[in-house]
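**Q** sequence unknown, structure follows:
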């Protein structure tokens, strides 16, 4: 049964790097990274003992996850001498293996890419910490229940196309003056008028603005900045 505000996403289990669990033959962390990090998370108020000391790597693509307002965030955690400190965020969620297993409490485990040196995940993949589920194998289907206001899967290409159409008449009316704004100001404007577009990255917004400038302004190409 769903909880208030939750919605499900379906994903497929991928083969992981084997570093979180320590199973990879070439891993520099025989005990696994989760086992090494868990005491530091516990000291900060997050108990990982109900969960397997390994991650489930679930692919929900195509698309890209947008994660906001974590339940726990650990800034610049120095858990290894092999690389600089990392930042980790966690979101409470629920998970079940399909077709019809029971929902269990789980955690989205998110090492921030900007502080992570290796083993980066595609934008549509999440790492999950879950209690023991019995044998699992690559290709197993799972259902993840999350709060969509804080965890949602977006389609950037489709969202850019919709934003381009949304901007059309505004650019036609204002012409070049529409582009006399910085990205932070544009985000504040979008938050008021079409919040969904704020799920786009700065790079996506800049690309969409350039497309809008090219399509909707009357300036000749040589006159465009």
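**A** All right, it came through fine. Everything quoted here is computed from the prediction, not taken from an experiment.
**Q** what's the domain layout of this structure?
**A** The chain resolves into domains spanning 7-152, 156-216 when parsed by automatic domain parsing.
**Q** for the protein, which spans come out with low pLDDT?
**A** Filtered on pLDDT under 70, the chain yields the residue ranges 1-4, 17-18, 21-31, 117-119, 219-225.
**Q** center of it - which residue?
**A** Centroid-nearest residue in the chain: residue 65, 3.4 Å away (criterion: C-alpha atoms, centre = their mean).
**Q** which residue packs closest to residue 102, ignoring adjacent ones?
**A** Closest residue to residue 102 apart from its sequence neighbours, by C-beta to C-beta, 6 or more residues apart in numbering: residue 96 at 6.2 Å. C-beta: built from backbone N, CA, C; applies to glycine.
**Q** separation between that neighbour and residue 10?
**A** 11 Å (C-beta to C-beta, to the nearest Å).
**Q** More neighbours: which of the two?
**A** Applying other C-beta atoms under 10 Å to residue 96 and residue 10 shows that residue 96 carries more neighbours, namely 19 against 11.
**Q** Which strand residues bridge that one?
**A** Assessed by DSSP bridges, residue 96 has beta-bridge partners residue 143.
**Q** residues touching it, list them.
**A** Contacts for residue 96 were tallied using C-beta atoms under 8 Å, 6 or more residues apart in numbering; they are 102-104, 142-143.
**Q** and what of residue 63?
**A** Residues near residue 63 by C-beta under 8 Å, 6+ apart: 123-124, 153-156.
**Q** was I right about residue 5 contacting residue 149?
**A** Yes: Residue 5 lies in contact with residue 149 (C-beta atoms under 8 Å); the separation is 7.2 Å.
**Q** hang on, the earlier thing: go ahead and confirm the residue nearest to the centre of the chain touches residue 121.
**A** No: taking contacts as C-beta under 8 Å, residue 65 lies outside contact range of residue 121: 9.4 Å.
**Q** Without its sequence neighbours, what residue ends up closest to residue 86?
**A** Going by C-beta to C-beta, 6+ apart, residue 86 has residue 115 as its nearest residue, at 4.5 Å.
**Q** Give me the packing partners of the host helix or strand of residue 11, helices and strands only.
**A** Taking DSSP states H and E as the criterion, residue 11 maps to strand 7-13. Judged by 3 or more C-beta pairs under 8 Å, 6 or more residues apart in numbering; DSSP states H and E, strand 7-13 is in contact with strand 56-59, strand 141-146.
**Q** Just send these back as JSON lines, with distance to residue 74 and mean neighbour count too.
**A** Converted to JSON lines, these look like this (distance: least, C-beta to C-beta, whole Å; neighbours: other C-beta atoms under 10 Å):
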{"stretch": "strand 56-59", "distance to residue 74": "20", "mean neighbour count": "20"}
{"stretch": "strand 141-146", "distance to residue 74": "20", "mean neighbour count": "20"}
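**Q** okay, those strands in CSV with distance to residue 73 next?
**A** Output for the helices and strands packed on strand 7-13, formatted as CSV (distance: least, C-beta to C-beta, whole Å):
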stretch, distance to residue 73
strand 56-59, 21
strand 141-146, 17
